[in-house]
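need the 3D shape of this:
(one chain, ligands or ions: 1)
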Amino acid sequence: MRTIFLCAINNVLSGSCPEDCKFCTQSARYRARIERYNFKDPETVLAEARRARSQGALGYCLVTAGRGLDDVKTEYIARTAQRLTEEIPDLRLIACNGTATVEQLRYLKVHGIQSYNHNLETSQRYYPQICTTHSWEERYATCEAVKSAGLSLCSGGIFGMGERPEDRLDLLESLAELHPDSVPLNFYLPNPALPIPERTIGHSEALEIVRTAARRMPRLSILMVAAGREALFSGREKELFDAGANAIVLGNYLTTEGEAPDRDRRRLEELGYTVAESCHAS
Ligand code: SF4
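Residues are numbered from 1 along each chain as shown. Below you'll find the predicted structure:
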C-alpha cells in the first residue's frame, strides 16, 4: 500500500509585499482582493497547527509574504517554531520566508525548523518575465544556503505562467542540480488582478511534468503537487500518484481555498492509500 504525505500551509503574515512577482496576489502592486495582516498571534498559529495535525498533516509550513527574512521575521518564526515543536512534536516544521542567509537559517533550525521552502519558480531564462525586483540567482543562492545551514531543502516552481516547454524542462534541471529533499509542483492560479491573465497549461502537460520530475529526481523524498491540483486533477488524483507524486497540500493555499481536508482524506482512503505518519514511511 502506498503512503501519501500531507502538508498544510499557514500564511502567518499576508499581503502588502513590495516585490512584483506577477503570479502573486500578495504583491501590493496588483491590489488583489485578499486578506492582508501582520504577524498572526502564535497561539492562533498553534491552534491551526493542531487542527491540521489532527486532519493528517505531517508537514506544516510557516509562510510570510515579502522578499526575505529580516531580524523581526526571523525571531517571530523561531519563537513560533519553538512553541509548535514543544506542543506538537510530531509535526515536521517547514519555513518559507523568502531570501535568507545561512546564519538566519541556522537560527531557525536551532528553534525547530526542519526544512526551508524556497522555490526557483521558473527557468532562469524566463524568470525576468515574471519578476523584476529580485533575481533568479538570488533565489538559487538561498536554496544553496538552506543546504549549507543543514536544513532539508524544499524547492519547486510554478507552471503555466506563459513559459515555453523548454523553460519547464530547464526548471526541473535546475532543481535536480540542487538535490532538494522535496519538490512542490504548482500550477498557476489565475486572479483577475494579476498581470498573467490565464493558466497556460492543461491537464496532460501538467501530468507530464509530474512524470518528468519523478524520472529526473528519482531519489526525492517528497514530490508534491500543490496549488492548481484542484483545478486540473479534481477526481483524478490517482493519475498524479501513478505519475510519481507522493504528497499533496491539505486544506487552503496562501490566499485561495483548497479542497476540504475531509474530502481529500476520504478520497485517499477510497484509492487505497495510507496517510504518512512519519517522514520515513515508504
Ligand atoms: S516576494 Fe513573495 S510575497 Fe512578495 S510578491 Fe514575490 S512571491 Fe509574493
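
low pLDDT regions in the stretch 1-150 of the chain?
1 (pLDDT under 70).

repeat that for 50
Applying pLDDT under 50 to the stretch 1-150 of the chain flags no residue at all.

ok, the residue in the stretch 151-282 of the chain positioned nearest to the ligand - how many residues close by?
Residue of the stretch 151-282 of the chain nearest the ligand, by Cβ to the nearest ligand atom: L254 (8.3 Å). All C-beta atoms are positioned from the backbone trio N, CA, C, and that covers glycine. Residues near L254, counting by other Cβ atoms under 10 Å, number 19.

and if you look at R125?
Neighbour tally, R125, other Cβ under 10 Å: 14.

now swap in E257 and tell me
9.

follow-up on the earlier one: helix, strand, or coil at the residue of the stretch 151-282 of the chain closest to the ligand?
Assigned by DSSP: H, G, I helix; E, B strand; the rest coil, the conformation of L254 is coil.

setting aside sequence neighbours, what's the nearest residue to it?
N11 (4.7 Å; Cβ to Cβ, 6 or more residues apart in numbering).

who touches whichever residue of the stretch 51-200 of the chain sits closest to the ligand in this structure?
Nearest residue of the stretch 51-200 of the chain to the ligand (Cβ to the nearest ligand atom) works out as A65 at 3.9 Å. The contact partners of A65, taken as Cβ atoms under 8 Å, 6 or more residues apart in numbering, are 11, 13-17, 26.

now do L91
49, 52-53, 57-60, 84-85 are the contacts of L91 under Cβ under 8 Å, 6+ apart.

ok, now S234?
E259.

mind doing that once more with 7 Å?
For S234, the contact set (Cβ atoms under 7 Å, 6 or more residues apart in numbering) is empty.

state the distance from it to I248.
Distance of S234 to I248, computed by Cβ to Cβ, to the nearest Å: 12 Å.

do D90 as well
19 Å.

more neighbours, the two?
I248 (23 against 8).

where does the more buried one fall, phi/psi-wise?
Phi and psi for I248, reported as degrees, to the nearest 10, are phi -140, psi 160.

wait, isn't it in contact with V225?
Yes - the pair I248 and V225 qualifies as a contact (Cβ atoms under 7 Å) at a distance of 5.6 Å.

report the buried residues of the biggest strand by length in the chain.
Assignment by DSSP state E gives strand 3-13 as the longest strand of the chain. Neighbour-count burial for strand 3-13 flags 4-13 (criterion: 16 or more other Cβ atoms under 10 Å).

what lines up beside it in the sheet?
strand 59-64 (parallel), strand 247-249 (parallel), strand 274-275 (parallel) (DSSP bridges).

what's next to that strand, contact-wise?
With Cβ under 7 Å, 6+ apart, strand 3-13 has contacts from 38-40, 45, 48-49, 52, 56-65, 80, 222, 224, 241, 246-251, 253-254, 268, 273-276, 281-282.

ditto for stretch 141-149
Residues contacting stretch 141-149 (Cβ under 7 Å, 6+ apart): 99-102, 105-106, 109, 116, 118, 153, 155, 178.

looking at those residues, spot the one nearest E259.
Proximity of the contacts of stretch 141-149 to E259 (Cβ to Cβ) peaks at S155, which lies at 24.0 Å.

where does F241 land in three-state SS?
Here F241 is recorded as helix under three-state DSSP.

wouldn't D170 be in contact with S123 here?
Yes - in terms of Cβ under 7 Å, D170 counts as a neighbour of S123; the distance is 3.9 Å.

so between those two, which is more surrounded?
S123 (21 against 18).

hmm, that one is touching P165, no?
No - S123 lies out of contact with P165 (Cβ under 7 Å); the separation is 10.5 Å.

and the residue nearest to V12 when sequence neighbours are not counted, how far from T64?
Distance criterion Cβ to Cβ, 6+ apart; nearest residue to V12, sequence neighbours excluded, is K40 at 4.7 Å. Taking Cβ to Cβ as the measure, K40 falls 10 Å from T64.
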